[in-house]
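1. next one to model:
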Amino acid sequence: MKPFHLAIPVHNLKDSVAFYKSIFPISFGRSADSWIDLNFYGHQLVLHKHKDFQSNEGFNHVDGDNVPFPHFGIVLSIDEFYSVIKNVEASEINYFIEPRVRFENTDGEQSTFFLKDPSGNFIEVKAFKNINNLFKP
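-> Next up is the predicted model:
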């Protein structure tokens, strides 16, 4: 798989780094006063300081939830998924959408939850029951 690059706005770099570091097994790359590269499961997630950023929220109904967009996320193994849940709960971070199984008993069955970072960026963490069905229609 080729690494994906995503740059997102954040209000405060220090607070944002603390949030991501408390939940995910990140490491750091290059940085400057206004941005920092995070190694997010082998992908390049760049946090750009933008103190006046205001998130633009929309929602779509998906299998019983109002799923926020825009959002980004990561597809993990089941073990990694539950490891992140432990980190979220140990950090006392509130879920935006609680962990649940979506599309149960279908090829698309997946465990999922949503978080909202301190700047209002939505993050989905998911694990497929069968990763081979990730792109199955």
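2. residues contacting I131?
-> 75, 77 (CB atoms under 8 Å, 6 or more residues apart in numbering). No exception for glycine: its C-beta is placed from N, CA and C like everyone else's.
3. try the one 3 residues further on
-> Shown in contact with L134 (CB under 8 Å, 6+ apart): 75, 128.
4. need phi/psi at it.
-> With angles defined as degrees, to the nearest 10, L134 sits at phi -50, psi -40.
5. pLDDT score assigned to it?
-> On pLDDT, L134 comes in at 93.
6. how near is the residue lying closest to M1 once chain neighbours are set aside to N87?
-> Computed as CB to CB, 6 or more residues apart in numbering, the closest residue to M1 that is not its neighbour in sequence is G42, at 7.6 Å. Using CB to CB, to the nearest Å, G42 is found at 18 Å from N87.
7. and Y41, by the same measure?
-> 14 Å.
8. if you count surrounding residues, which of G42 and N87 has more?
-> Under the criterion of other CB atoms under 10 Å, the comparison of G42 against N87 puts N87 first, with 15 against 10.
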